[in-house]
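> What follows is a predicted structure for the sequence shown.
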Amino acid sequence: MELNCMIVDDEPLSRELLKHFIQKTDFLTLTNECENGIKAANFLQKKDSEVDIVYLDEEMPEMTGMEILNALEYRPEIIMTTSSQEKAVEAFEAKVTDYIVKPYDYSRFLKASIRAKDNIELLQKRNERFNDVFIKSNNKIHRIPFSDIKYVEALADYVIFNTVSKGKLIVHYTMKGIEKRLPSSQFSRVHRSFIVNINQIDVLEDITVVIEDKIIPIGASYKESFFQKLNFL
């Protein structure tokens, strides 16, 4: 499992050290970096942020790490970075994944990162035991069997569940978050904007998936993992 991560820290030396640690860690890929809290908060509130883990500095001017957490509707795994042990209590009260104290060392960084990875994998394994998902849409909570979902599509700040029996259900969530909630044995991300139910696929044509009359593109970065889930003759 390869996880996308983001560094949020106003200190250049701290960012450089974290980048070095990320480069040394096989399952981590640095996709974003912010030097202040306001930029980070604006980015993380986007529905297509695609971040799995955030290394978040607690003490920053203008907007602190805790203020960013309080502003987020959907949270990735958060590893708080702080200059004092005392801040750890506040971090755990905010239910972050873990915290690391400056100056960092790689062993503590790795331990916190593995904890975040384990949380993500545990959630995916748990989802394999369920047969349905509850979706809040139009002020109602709908129970949708996994088998009823044809595909999921991103649209601006919303995500659309295209279902067999209930049509389209629009939810305010992230594609990354939904991908973690659906069983990976049945669903596959095929594009930045699409997750498909493998059991609903009618035809594969070149670099597209066809489900009924919907033609869905297969993104280059998703093609290999998607094809590995298919039973080819």
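Okay, I see it.
> The protein: helices as residue ranges?
12-24, 37-44, 65-71, 87-93, 106-127, 175-181, 220-227 (DSSP state H).
> Quick check: chain neighbours aside, which residue is closest to Ile160?
Glu153 (4.7 Å; CB to CB, 6 or more residues apart in numbering). (Glycine included, C-beta is placed from N, CA and C.)
> For the helices of the chain, give me TSV that also has mean pLDDT.
Compiled in TSV, these are given as follows (pLDDT from 0 to 100):
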stretch	mean pLDDT
helix 12-24	95
helix 37-44	88
helix 65-71	87
helix 87-93	66
helix 106-127	91
helix 175-181	86
helix 220-227	90
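> out of those helices, which comes closest to Ser165?
helix 175-181 (18.8 Å; CB to CB).
> Packing partners of the closest one?
Secondary-structure packing of helix 175-181 (3 or more CB pairs under 8 Å, 6 or more residues apart in numbering; DSSP states H and E): helix 106-127, strand 149-155, strand 187-191, strand 194-197.
> between the third one and helix 220-227, how many degrees?
What that stands for is strand 187-191. Angle, strand 187-191 to helix 220-227, by axes from the mean of the first three to the mean of the last three CA atoms, to 10 degrees: 150 degrees.
> Of all the residues in strand 187-191, which ones are buried?
Using 16 or more other CB atoms under 10 Å as the test for burial, strand 187-191 gives 187-191.
> which residue packs closest to the spatially most central residue of the chain, ignoring adjacent ones?
Taking CA atoms, centre = their mean, the centroid of the chain lies closest to Lys176, which sits 3.7 Å from it. Closest residue in space to Lys176, ignoring its immediate chain neighbours: Glu50 at 5.3 Å, by CB to CB, 6+ apart.
> any idea which of the buried residues of strand 187-191 is closest to Ala40?
Top of the list for closeness to Ala40, among those and by CB to CB, is Arg189 at 24.2 Å.
> thought the closest one was touching Phe226?
Yes. Here Arg189 lies in contact with Phe226, judged by CB atoms under 8 Å, at a distance of 7.4 Å.
> and for these two, which residues touch both?
Applying CB atoms under 8 Å, 6 or more residues apart in numbering, one finds that no residue jointly contacts Arg189 and Phe226.
> Pull stretch 124-140 out as CSV, backbone CA atoms only.
Extracted in CSV, the C-alpha atoms of stretch 124-140 (Å, rounded to 0.1, in the frame of the first residue of the first chain):
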residue,chain,number,x,y,z
GLN,A,124,-10.4,-1.4,4.7
LYS,A,125,-10.4,-4.9,6.3
ARG,A,126,-13.4,-4.0,8.4
ASN,A,127,-15.3,-2.9,5.3
GLU,A,128,-14.8,-6.3,3.8
ARG,A,129,-17.1,-7.7,6.5
PHE,A,130,-20.0,-5.4,5.6
ASN,A,131,-22.5,-5.9,2.8
ASP,A,132,-23.8,-2.3,2.7
VAL,A,133,-23.1,1.3,3.5
PHE,A,134,-25.3,4.1,5.0
ILE,A,135,-25.3,7.3,3.0
LYS,A,136,-26.7,10.7,4.1
SER,A,137,-28.3,12.4,1.1
ASN,A,138,-31.2,14.9,0.9
ASN,A,139,-31.5,14.9,4.7
LYS,A,140,-32.1,11.2,4.8
